[in-house]
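# A structural model of the following input is requested.
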Amino acid sequence: MNPSRIEQAIDDIYNYVENCKPSKLYPNKVVVDRGELYDLLDELRLCAPEEIKRYQKIITNRDGILNDAQQRAEDMLVQAQQQTAQILDQNEIVQTAYQRAEEIMKQATEEAQRLINAAQAESEQMRKASLMYTNDLLNEAQTHVEESLRETDNKYRMLTSALKNSIQIMRSNKEELMSQLEPEKYAKKLQKEKAEKEQEEKEKKEAQAASEMAGAEEDAFEVPEDAFLRNANQE
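Down below sits the predicted model:
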């Protein structure tokens, strides 16, 4: 396992995004070269440890492991049959020969099943271990990418806030210069802005009063839901 290669690949992606030019229309976004970004992502994908490839190879050869166990079991059965034939060929009591043959066959069958079960359990354990290892690796990579994204967003928000403050300062400086260069024009501008603000507040108050009056009229003419039921009961 070589996590430093993965961290290096993630740092390369972060540095690349950090050095990209910001968009002219959207300060919080940057312009990236698709080819270069894909190359960096391919490099990250190639950082997978060799252990994962080895586990995948073992899983791929799972059928081979099971076939080998099956072949060994069949060889033991053949050997048991040969031993049974040798016992039957001898001049011993036939009943004793059959009993011995059945014992050998039973032991061979049990041993063959044990080998098959052990091979299946081993291959399943390797498969689960490789999947868990891969999942842990992906979780680690996801964490690094999310942290990099959060840091990038925070930097862009700070940059946007600083630019807005700079614009506000420049506006204030321009107004101060205008008040000194053209005091009459500046005074008229302030008077106009004040009048517009007062008119806007007046319209807002009138709209609010009209809304409250309309609500009062609706309340005055509202009919209770059970009015008809009360009238019917009285009749």
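
# strands along the chain, start to end?
21-22, 30-31 (DSSP state E).

# as TSV, the ones you listed with distance to residue 8, mean neighbour count and mean pLDDT would be great.
Every C-beta, even on glycine, is put in place using the N, C-alpha and C of the backbone. Formatted as TSV, the strands of the chain follow (distance: least, Cβ to Cβ, whole Å; neighbours: other Cβ atoms under 10 Å; pLDDT from 0 to 100):
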stretch	distance to residue 8	mean neighbour count	mean pLDDT
strand 21-22	24	11	83
strand 30-31	22	13	83
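
# just want the most central residue of the chain.
Central residue of the chain (Cα atoms, centre = their mean): residue 142, 7.0 Å from the mean position.

# distance to residue 156 for the strands of the chain - can I get that in TSV?
Putting these into TSV (distance: least, Cβ to Cβ, whole Å) gives the following:
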stretch	distance to residue 156
strand 21-22	8
strand 30-31	8
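
# so which of those strands gets nearest residue 129?
Nearest to residue 129, of all the strands of the chain, is strand 30-31, at 40.4 Å by Cβ to Cβ.

# buried set for stretch 118-127?
119, 123, 126 (16 or more other Cβ atoms under 10 Å).

# test my guess that the second one contacts residue 65.
Looking back up the chat, that one is residue 123. Yes - between residue 123 and residue 65 there is a contact under Cβ atoms under 8 Å: 5.6 Å.

# quick revisit: for the buried residues of stretch 118-127, please prepare TSV with the additional fields distance to residue 27 and pLDDT.
What follows is these, written out as TSV (distance: Cβ to Cβ, whole Å; pLDDT from 0 to 100):
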residue	distance to residue 27	pLDDT
119	61	85
123	55	83
126	51	85
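
# out of those, which are inside helices?
Within the buried residues of stretch 118-127, residues falling in helices by DSSP state H are 119, 123, 126.

# between those, which sits nearest residue 214?
For those, the closest approach to residue 214 (Cβ to Cβ) belongs to residue 126, at 74.8 Å.

# please report how far the closest one lies from residue 60.
Remark: distance between residue 126 and residue 60 (Cβ to Cβ, to the nearest Å) = 11 Å.

# so where do the helices sit in this structure?
3-19, 34-45, 50-60, 62-89, 94-181, 183-220, 227-234.

# show me what stretch 24-41 is in contact with.
9, 12-13, 16-17, 20-23, 153, 156-157, 159-160, 163 (Cβ atoms under 8 Å, 6 or more residues apart in numbering).
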